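**Q** Model the following, please.
(one chain, ligands or ions: 1)
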Amino acid sequence: MLGEQKICFSGVQPSGNLTIGNYLGAIRNFSTFSEAYKCFYCVVDEHAITVRQTPADLRRRTYETLALYMACGLDPEKNTLYVQSHVPAHAELSWILNCYTMFGELSRMTQFKDKSSKHADNVNAGLFTYPVLMASDILLYQTDVVPVGIDQKQHVELCRNIAERFNQVFPDTFTVPEPIIPQNGKKIMSLADPTKKMSKSDENQNAIVYILDDRDTIIRKFRRAVTDSDTVVRFAEGKDGINNLMTIYSCFTGKDMEEIEREFAGRGYGDFKLAVGEVTADALAPVQARYRELLADKAGLEAQMKKGAEEAAYYARKTLSKVQKKLGFVQIR
Ligand code: AQP
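**A** This is a model prediction of the structure:
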């Protein structure tokens, strides 16, 4: 809470081209909070360097992610849109909270286990302490709600534990946030291996549908999606591939699973996959068109980054000063 107003915070890493998983699990839902909450949406570039990035790609994707936020309906007049590295308080609070986070807690994070096995040659300390930086992102704004996909739930729970621990020693410092996870689309799975989450850093291009893929590519990727040897479009245990496609279809059409089963009764997987591709391409077309306009105006994006960073820094500094004072750090003006 900031005064009387409830706060919403979330972020996306510019660590690759954004997928329909990022869209359905997170970004698409962001604008639904804009009326009732004061919203901070951050491009979390500092998180992205926990795995190696090519500098030119990281820079380009930072602009692209900001443009996508706006193309997905986030009005910069109603939301604070900014880049994490432009607000130094994130990294400063992160150091402090590192001292209030236990080694054992961080060792239990499943994303750390997954990413450290995927990047065995670069298990750096940042990868390990990533959830502490995420907790700082959230707690700096006295956040009430954090809209995320289910893969980030464990990190938000750790953030709650850190906030509660700190508040026990220094009462009333942080608001303890709640994760908000969408009913539908909380975990979109890979099209190549539907037992695995769709991730923007997956090397298999057929596993991922990007928000910016063109219509033909989207349809081709869905046609190739791994399913099963059955032929009936039905949501059931053991049908991970079809369940995933039904979830995507449901997210884009608003139809529930029974309606989808009825719609495709007596029709094969081929028809269904084509329909999933078409509704996805139709839904993404206006986002892509708006994105292209926004990205063409680099100066406009930079002005937005500056404005967003100033707004965010104002609130972030307030919390950081409060924390520093409580800890006993000497304040000079
Ligand atoms: N497959 C998914 N289904 C639903 N939600 C998802 N999210 C990510 N993948 C899916 C949600 O998107 C938001 C931004 O994610 P992130 O960029 O912070 O990092 P991530 O969760 O690690 O996403 P990726 O795509 O898997 O990135 P890489 O490959 O770089 O690690 C979050 O709210 C996340 O839950």
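**Q** do you know how far the residue nearest to Asp213 when sequence neighbours are not counted is from Asn167?
**A** Nearest non-adjacent residue to Asp213, counting by Cβ to Cβ, 6 or more residues apart in numbering: Lys221, 7.1 Å away. For every residue, glycine as well, the C-beta is placed using N, CA and C. Separation of Lys221 from Asn167 (Cβ to Cβ, to the nearest Å) stands at 46 Å.
**Q** more crowded one of these two?
**A** Lys221 (23 against 14; other Cβ atoms under 10 Å).
**Q** Just confirm yes or no for the strand or helix carrying Pro179 near the ligand.
**A** Counting by DSSP states H and E, the element that carries Pro179 is strand 178-180. No. On the criterion Cβ under 6 Å from any ligand atom, strand 178-180 is out of touch with the ligand, staying 9.2 Å away.
**Q** same for that strand, what does it pack against?
**A** For strand 178-180, the elements it packs on are strand 145-147, helix 153-169, judged by 3 or more Cβ pairs under 8 Å, 6 or more residues apart in numbering; DSSP states H and E.
**Q** just so I know, which of those lies nearest the ligand?
**A** Minimum separation from the ligand across these (Cβ to the nearest ligand atom) falls at strand 145-147, 7.1 Å.
**Q** Need the residues that contact the closest one.
**A** Residues from elsewhere that reach strand 145-147, judged by Cβ atoms under 8 Å, 6 or more residues apart in numbering: 6-10, 26, 29-30, 33, 37, 138, 152, 156, 159, 177-182.
**Q** Just the buried ones from those residues, in PyMOL syntax?
**A** Command for PyMOL that selects the buried part of the contacts of strand 145-147, burial taken from 16 or more other Cβ atoms under 10 Å:
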select buried, resi 6+7+8+9+10+26+29+30+33+37+138+152+156+159+177+179+180+181+182
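**Q** got a list of contacts for the strand holding Pro179?
**A** Outside strand 178-180, the residues touching it (Cβ under 8 Å, 6+ apart) are 29, 144-148, 152-153, 156-157.
**Q** Name every strand pairing with it and say which way it goes.
**A** Applying DSSP bridges to the sheet, strand 178-180 is found paired with strand 145-147 (parallel).
**Q** sorry, back to before: put together a markdown table for the helices and strands packed on strand 178-180, with distance to the ligand and mean pLDDT on each row.
**A** Listed next are the helices and strands packed on strand 178-180 as a markdown table, based on distance: least, Cβ to the nearest ligand atom, whole Å; pLDDT from 0 to 100:
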| stretch | distance to the ligand | mean pLDDT |
| --- | --- | --- |
| strand 145-147 | 7 | 98 |
| helix 153-169 | 8 | 98 |
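**Q** where does Lys132 fall, helix, sheet strand or coil?
**A** One thing to correct before we go on: residue 132 is Val, not Lys. Three-state assignment for Val132 (DSSP: H, G, I helix; E, B strand; the rest coil): helix.
**Q** Might one say that it is in contact with Glu105?
**A** No. Using Cβ atoms under 8 Å, Val132 makes no contact with Glu105, being 9.5 Å away.
**Q** hang on, the earlier thing: show me the contacts for the residue nearest to Asp213.
**A** Lys221 touches 191, 206, 208-209, 213, 277, counting by Cβ under 8 Å, 6+ apart.
**Q** Test for you: state the pLDDT assigned to it.
**A** pLDDT recorded at Lys221 is 98.
**Q** Which residues of the chain lie near the ligand?
**A** Counting by Cβ under 6 Å from any ligand atom, the residues of the chain near the ligand are 12-13, 15-16, 19, 21-22, 24-26, 148-149, 151-152, 185-188, 197-201.
**Q** Noted, bye for now.
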